[in-house]
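Chemist: Quick one, what's the 3D model for this:
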Amino acid sequence: MLKEPQLFDPLVRDLEGNAHIVFPPGHPGHADAAYQAHRDMVVAAALSHVPGTPPPDIVYTAQDHACWQHISQALLPLQRQHAAREARQALEDLALPTDHAPQLADVSWRLAKLTGFTFAPAAGIVPLAEFYGSLADDTFHSTQFIRHHSRPLFSPEPDMVHEVLGHGATLASPRFAALYRQVGAAARRAETRESLKAVSRVFWFTLEYGLLEEAGELMVYGASLLSAYGELSGFRDMEIRPLDVQQMVTQPYDVTSYQPVLFAARTLDELEDFLGAFCSGVDGDTGSRLGVTADQKW
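Modeler: Alright, predicted model coming up:
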């Protein structure tokens with residue numbers, strides 16, 4: 001194998017260049033051969049996709065559809081209660097089905113009509129420069145698999161629930177979509193690994209895990225929070241800090257667990273000003289100025 005499988009990135013390739021899935025111990029699908037075979041099929045579909053064409057249709061299993069339905073029904077009341085107004089409206093506009101897993105091509109078509117963004121199928125974790133840079137072209141790389149049915153409210157890796165119920169909710173908003181584009185433009189100016197990591201970390205603590213105040217109450221707009229039942233239920237118990245670039249790029253985090261530190265904007269206007277100022281100033285020296293190192297993880 002060319003790399004060891006990890007909980008958040010199990011995709012591996014063998015020495016002949018064939019892509020397949022190997023789940024490490026601890027992954028919900030580790031001992032499920034049928035689920036692994038289905039994931040291999042989804043990976044193959046993504047790898048054979050021709051850029052610029054709609055995402056391939058996936059034949060989802062009955063367990064996939066049941067899992068999507070379970071998650072949607074669990075998240076919907078929490079999103080109504082805790083999501084920021086802009087995110088709630090975007091979800092309503094996107095009109096995702098709750099009784100079955102949608103085809104990514106259908107969601108992408110609806111998203112394009114709302115903000116111009118489209119989804120491109122991803123076989124697994126996409127390299128940072130490609131993932132963030134493509135945002136400047138109105139493209140978001142999305143997986144098409146559904147998490148294992150044994151743990152519908154948990155996934156150690158970004159699945160289509162996270163991509164569509166989370167990022168779809170913000171990408172369907174013109175105001176949030178504009179922020180994604182700014183991040184994409186900043187990533188393309190980053191030039192160095194350190195600067196790209198700085199962009200990634202600011203993205204993580206805003207468009208993935210961001211909060212903002214509405215009528216004196218903390219509300220969620222970050223995609224990871226919007227699509228995670230446990231974190232959406234308990235985010236107010238975390239340590240909440242004001243927006244701060246220096247703290248964001250140096251705050252340790254673990255992609256496979258709940259985030260103990262979150263950052264909140266006082267308004268959506270403040271978030272737009274904050275991200276706009278950061279993104280417009282990104283260059284090849286940004287990472288070193290902020291103290292980001294090449295070997296710094298996440």
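
Chemist: Nearest residue to the middle of the protein?
Modeler: Closest to where the C-alpha atoms of the chain average out (Cα atoms, centre = their mean) is E163, at 5.1 Å.

Chemist: Just give the closest residue to K197, not the sequence neighbours.
Modeler: V292 (5.1 Å; Cβ to Cβ, 6 or more residues apart in numbering). The way it works is simple: take the backbone N, C-alpha and C, and place the C-beta from them, glycine included.

Chemist: Kindly indicate whether that neighbour is helix, strand or coil.
Modeler: Three-state assignment for V292 (DSSP: H, G, I helix; E, B strand; the rest coil): coil.

Chemist: residues contacting it?
Modeler: Neighbouring residues of V292 by Cβ atoms under 8 Å, 6 or more residues apart in numbering: E194, S195, K197, A198, R201, V249, T250.

Chemist: same deal with W109?
Modeler: P54.

Chemist: how much space is there between the closest residue to Y229 other than its chain neighbours and A277?
Modeler: Nearest non-adjacent residue to Y229, counting by Cβ to Cβ, 6+ apart: L153, 4.3 Å away. Distance, L153 to A277, using Cβ to Cβ, to the nearest Å: 37 Å.

Chemist: With neighbour numbers in mind, choose between these two.
Modeler: L153 (15 against 10; other Cβ atoms under 10 Å).

Chemist: Thought Q73 was touching that one, still the case?
Modeler: No. Taking Cβ atoms under 8 Å as the definition, L153 is not a contact partner of Q73, at 11.0 Å.

Chemist: Can you read off the pLDDT for E191?
Modeler: At E191, the pLDDT value in this model is 89.

Chemist: An error on my part: the question was meant for L11.
Modeler: 65.

Chemist: Show me the helices in the stretch 51-200 of the chain, by range?
Modeler: 62-82, 85-94, 104-115, 128-133, 160, 168-171, 174-189, 193-203 (DSSP state H, counting those that start in this stretch).

Chemist: Now distance to P54 too, for those, in TSV please.
Modeler: Listed next are the helices of the stretch 51-200 of the chain as TSV, based on distance: least, Cβ to Cβ, whole Å:
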stretch	distance to P54
helix 62-82	20
helix 85-94	17
helix 104-115	4
helix 128-133	19
helix 160	15
helix 168-171	16
helix 174-189	19
helix 193-203	26
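
Chemist: closest one to P56 among these?
Modeler: Nearest of those to P56, taken as Cβ to Cβ: helix 104-115 at 7.6 Å.

Chemist: average pLDDT across the closest one?
Modeler: Helix 104-115 shows a mean pLDDT of 98.

Chemist: got any ranges where the stretch 151-298 of the chain has weak pLDDT?
Modeler: 294-298 (pLDDT under 70).

Chemist: residues near R39, how many?
Modeler: By other Cβ under 10 Å, the residues close to R39 number 24.

Chemist: tell me which element it is part of?
Modeler: Applying DSSP states H and E as the criterion places R39 in helix 33-47.
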